[in-house]
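> Sharing a model that was predicted from the sequence below.
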Amino acid sequence: VQLVESGGGLVQPGGSLRLSCAASGFTFSTYVMRWYRQAPGKERELVADITSTGGRTNYADSVKGRFTVSRDNAKNTVYLQMSSLKPEDTAVYYCYAYFSRTLVGYWGQGTQVTVSS
C-alpha cells in the first residue's frame, strides 16, 4: 500500500496550491479519502474528506469556501485545491485512506505547505 502526496511548496498569502495524493496497493474506489494537516506544535486536524464515490464532501470550518477536495477513481488519486491561502494554513498535509467496514486506514508521508511572504 502506498499513498504519495505531492504539490506542496512555498506560496504567498492569497495564493493557491493543488495537492495530489496517488494511491496504490488497495481498492481506492472503495475507500473514503481524507486530508489532514499538522502545524508545528499542534495536533493533527482533519481538513476535508470525500466519500468513495465522490458524491459527498466535508470541510473543516477553517477552510470552508477556500479548499475543495475531489477524486478521480480512474487515476486512483485524490486532490486538495487550496485557494486564498493564509499563513495559518502552513502545515504538513497528509492524505489518509479509510475503509469504514473494517476500520482499516493508511497514511501518506505528508507534503509541506508554507504560506509566507
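All right, it came through fine.

> Residues touching the helix or strand bottoming out on mean pLDDT in the chain, excluding its own?
When each helix and strand of the chain is scored by mean pLDDT, DSSP states H and E, strand 104-107 comes last, with a mean of 94. Residues lying outside strand 104-107 but in contact with it, judged by Cβ atoms under 8 Å, 6 or more residues apart in numbering, are 1, 3, 26, 94-99. In short, each C-beta sits where N, CA and C put it, glycine included.

> and if you look at stretch 84-91?
Taking Cβ under 8 Å, 6+ apart as the rule, stretch 84-91 contacts 11-17, 37-39, 42, 62-63, 66, 82, 112-116.

> What number of residues are in the vicinity of the closest residue to residue 75 other than its chain neighbours?
For residue 75, the nearest residue in space outside its immediate sequence neighbours is residue 22; the separation is 7.7 Å by Cβ to Cβ, 6 or more residues apart in numbering. Neighbour count of residue 22, defined by other Cβ atoms under 10 Å: 16.

> quick one: contacts for residue 22?
If a contact means Cβ under 8 Å, 6+ apart, then residue 22 has 2-4, 6, 75-77 as its contacts.

> residues contacting the residue nearest the centre of the chain?
In the chain, the C-alpha closest to the average C-alpha coordinate belongs to residue 35, at a distance of 2.8 Å (Cα atoms, centre = their mean). Residue 35 makes contact with 19, 21, 46-49, 69, 78, 80, 93-96 under the criterion Cβ under 8 Å, 6+ apart.

> pLDDT wise, what is it at?
In this prediction, residue 35 carries a pLDDT score of 98.
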